[in-house]
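A.B. asks: Sequence and predicted structure below; questions after.
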Amino acid sequence: MKVIVCIKQVPDTKGGVKFNPDGTLDRAAMLAIMNPDDKAGLEAALRLKDEYGAEVTVLTMGLPKATDVLREALAMGADKAILITDRRLGGADTWATSSTIAAGIRNLDYDLIITGRQAIDGDTAQVGPQIAEHLQIPVISYTQELKIEGDKVIVKRQYDDRYHVLEAKMPCLLTALSELNDPRYMTPGGIFDACQAEITTWSRDDLKDLDDANIGLAGSPTKIAKASDKVRKGAGEKVVPESPDEAVSYIVSKLKEKHVI
Amino acid sequence: MDFSLSKEHEMARQLFAEFAEKEVKPLAQEIDENHRFPRETVDKMAKYGFLGIPVPKDMGGQGCDVLTYVMCVEEMSKVCGTTGVIVSAHTSLCIDPIMTFGTDAQKEKYLVPLAKGEKLGAFGLTEPGAGTDAQGQQTKAVLDGDEWILNGSKCFITNGKEADVYVIFAVTGKIEKRGRMMKEISAFIVEKGTPGFTFGTKENKMGICGSSTYELIFTDCRIPKDNLLGQQGKGFNIAMHTLDGGRIGIAAQALGLAEGALETTINYVKERKQFGKSIAQFQNTQFELANMATKVEAAKLLVYKAALKKQEYQSNPKISYSVEAAMAKLYAAEVAMEVTTKAVQLHGGYGYIREYDVERMMRDAKITEIYEGTSEVQRMVISANILK
């Protein structure tokens, strides 16, 4: 069984978000981490390796610095790592990204592709399903639980108010939620091996069946007009009314004060 | 000379720091209060290979270097001195002598499960009358056919009741050395559960309260003849070699405690307000922190240098790292005590309260000036080398 996990290096938003003057993210000023949903996807793949001996390949598209997350994945137990990097691919939106990654995946054999649900820097949740569309394979998003039975995957898909149990024949693509599991740590020995391991690097020229009209900034239909940080709201006002009646009159008075009613 | 860390070491630090924050820190206060050995943390560390970091892969270890191991002890100790010493005693005091002096059969039987973390290790040298003065040993081992019979007791043994494999020192005879009769000391490997091997008092300590510190008692305890570690009569050398390495582990523990106290204090002084401003804005706070940070950095350089020297020794056993280890332990331990004490002071009244981490760190730091050779012993080692 061969599993490909698509991972992304993202800025760690825990330390706050920083922007360049032109409104784009100042990635250099922020710590870079493996996207949490992708890490859950990697853990799911590594559990398939533990249970069924699956071969796990991690793939990312990004700057050469993105090898850091590939090495982290290798140190957690992934078998192979591939970096797609090329200036011509820079500035890609979800369409150009998924077109490029799908082209990379066409170079590989696979039974299952796992991506994270969404990346914490873009929050689009589009790249995983788009890769499946490009490859014309089934996709199940929001994977909360995962089982393999023969040549099928059985997935519990999480929605806001319910879940669905779905079955798909492999090859197929799943998008993973960080709730799927608790990812393992690297091991010290794994780190030492990962730092010596060879990382396969592909440029634009290694990608077949890919139209130049669909790559990089020029091939991206989405244009970002402006990006900004979330405005932090204050803690609000806390009141502890003595009775429900008092609570109701307090709320009504506040709504009147704000001219809502 | 290059002070930058390799990619491997940067990633290892990131791993240990993340593990410490998520798995070790949440338990630190509770295990201290309840004097509880954190078995669940030990099991997790075993799973991720933290209990066999400097051991070759073909012997069940991680195949990393001494610096990686030192960073593990350092990062654990930043949040919990107890967890730091569990790793240090297991690795430096039990794994290292078996790896260095053990036969192939002993390595197969003991080193592999120790390095995998399936078993926990301990080291028994200290006795009620023999701490710094190792010649005061009373525990005896007598050969009887195919077995050694051990009688005596060991005290203040770290990982005491929780370990599975113990490196134990005992007197096996007398030899003449420079015209004087000296005790001949030998090292042995003893397994928990061996008839005649029991546990005495559990020590009620000032700090590192989650660590299991016990008296070990041997009463006609018979162990196989093959469990002699190294040559008969070479026990003192084995003990001294082991303590040289152990001191680097304790130096790393002391360094971690100092760093942890410094980090905690930096965060605290930014938040704590007095006279309408944060106490970080007062020059006294700023100068104290500057002194603390400088000493911590100096300690770190000494500890890392000792780790690199021990690494060098492993490919070239002709060189010695005793002095580097002694300097690292002496300085890091004294810095740990000073920095944790200042950290308590900068916390004011809150620093004296159990709920604040610096109170525990100050109690934990004190032992680093005492065990595996007191600061005075380190000065003896260093001065003997200077004056020879």
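C.D. replies: Happy to help now that I have it. Owing to the predicted nature of the structure, the values given are computational and were not obtained by experimental measurement.
A.B. asks: So which bits of chain B are right by chain A?
C.D. replies: Counting by C-beta under 8 Å from any C-beta of the partner chain, chain B comes close to chain A at B:6-8, B:11-12, B:15, B:18-19, B:48-50, B:53, B:57, B:61-64, B:68, B:72. For glycine as for every other residue, the C-beta is placed from the backbone atoms N, C-alpha and C.
A.B. asks: and residue B:216, that's in a strand?
C.D. replies: Yes. The assignment for residue B:216 is a strand, going by DSSP: H, G, I helix; E, B strand; the rest coil.
A.B. asks: List the residues that contact it.
C.D. replies: B:124, B:153, B:154, B:155, B:157, B:160, B:166, B:168, B:197, B:198, B:199, B:200 (C-beta atoms under 8 Å, 6 or more residues apart in numbering or on different chains).
A.B. asks: since we're on the residue lying closest to residue B:100 once chain neighbours are set aside, how many residues are nearby?
C.D. replies: Closest residue to residue B:100 apart from its sequence neighbours, by C-beta to C-beta, 6 or more residues apart in numbering or on different chains: residue B:241 at 6.7 Å. Around residue B:241 sit 19 other residues, with neighbours defined as other C-beta atoms under 10 Å in any protein chain shown.
A.B. asks: before we move on, what about residue B:321?
C.D. replies: By other C-beta under 10 Å, the residues close to residue B:321 number 23.
A.B. asks: For the longest helix seen in chain A, list every residue counted as buried.
C.D. replies: If you go by DSSP state H, chain A has its longest helix at helix A:36-52. Residues A:36-49 are the ones in helix A:36-52 that count as buried (16 or more other C-beta atoms under 10 Å in any protein chain shown).
A.B. asks: from the middle of its chain, how far away would it be?
C.D. replies: 13 Å (C-alpha atoms, centre = their mean, to the nearest Å).
A.B. asks: now do stretch A:220-232
C.D. replies: For stretch A:220-232 - counting by C-alpha atoms, centre = their mean - the centre lies 18 Å from the chain centre.
A.B. asks: Then stretch A:174-191?
C.D. replies: 13 Å.
A.B. asks: what do you get for stretch B:121-133?
C.D. replies: 14 Å.
A.B. asks: And that stretch, end to end?
C.D. replies: Start and end residues of stretch B:121-133 are separated by 23 Å (C-alpha to C-alpha, to the nearest Å).
A.B. asks: tell me which element the residue of the stretch 51-200 of chain B with the smallest separation from chain A is part of?
C.D. replies: The stretch 51-200 of chain B approaches chain A most closely through residue B:62 (3.4 Å), counting by C-beta to the nearest C-beta. Using DSSP states H and E, residue B:62 maps to neither a helix nor a strand.
A.B. asks: The residue nearest to it when sequence neighbours are not counted: which element?
C.D. replies: The shortest distance from residue B:62 to any non-neighbouring residue, by C-beta to C-beta, 6+ apart, is to residue A:189 (3.4 Å). Per DSSP H and E: residue A:189 is located in helix A:188-196.
A.B. asks: chain center to the helix or strand just after that helix: distance?
C.D. replies: Note on helix A:188-196: by DSSP H and E, the next helix or strand toward the C-terminus is strand A:200-202. On the basis of C-alpha atoms, centre = their mean, strand A:200-202 sits 20 Å off its chain's mean C-alpha point.
A.B. asks: what are the pairing partners of strand A:200-202, and which direction each?
C.D. replies: Neighbouring strands of strand A:200-202 in its sheet, by DSSP bridges, are strand A:80-84 (parallel).
A.B. asks: Need the CA coordinates for the helix or strand just after the partner strand. PDB is fine.
C.D. replies: Note on strand A:80-84: by DSSP H and E, the next helix or strand toward the C-terminus is helix A:94-105. Provided in PDB are the C-alpha atoms of helix A:94-105 (Å, rounded to 0.1, in the frame of the first residue of the first chain):
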ATOM      1  CA  THR A  94      -5.300  27.200  -4.700                       C
ATOM      2  CA  TRP A  95      -6.000  26.400  -8.400                       C
ATOM      3  CA  ALA A  96      -2.400  26.800  -9.500                       C
ATOM      4  CA  THR A  97      -1.200  24.900  -6.400                       C
ATOM      5  CA  SER A  98      -3.500  22.000  -6.900                       C
ATOM      6  CA  SER A  99      -2.700  21.800 -10.600                       C
ATOM      7  CA  THR A 100       1.000  21.700  -9.800                       C
ATOM      8  CA  ILE A 101       0.800  19.200  -6.900                       C
ATOM      9  CA  ALA A 102      -1.500  16.900  -9.000                       C
ATOM     10  CA  ALA A 103       1.100  17.000 -11.800                       C
ATOM     11  CA  GLY A 104       3.700  15.900  -9.200                       C
ATOM     12  CA  ILE A 105       1.600  13.100  -8.000                       C
END
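A.B. asks: follow-up on the earlier one: by contact count, what packs against the longest helix of chain A?
C.D. replies: For helix A:36-52, the contact count by 3 or more C-beta pairs under 8 Å, 6 or more residues apart in numbering or on different chains; DSSP states H and E identifies strand A:2-6, strand A:55-61, helix A:67-76, strand A:112-116, strand A:139-149, strand A:172-176 as packing neighbours.
A.B. asks: Quick one: closest of those to chain B.
C.D. replies: The nearest among the helices and strands packed on helix A:36-52, by C-beta to the nearest C-beta, is helix A:67-76 at 6.6 Å.
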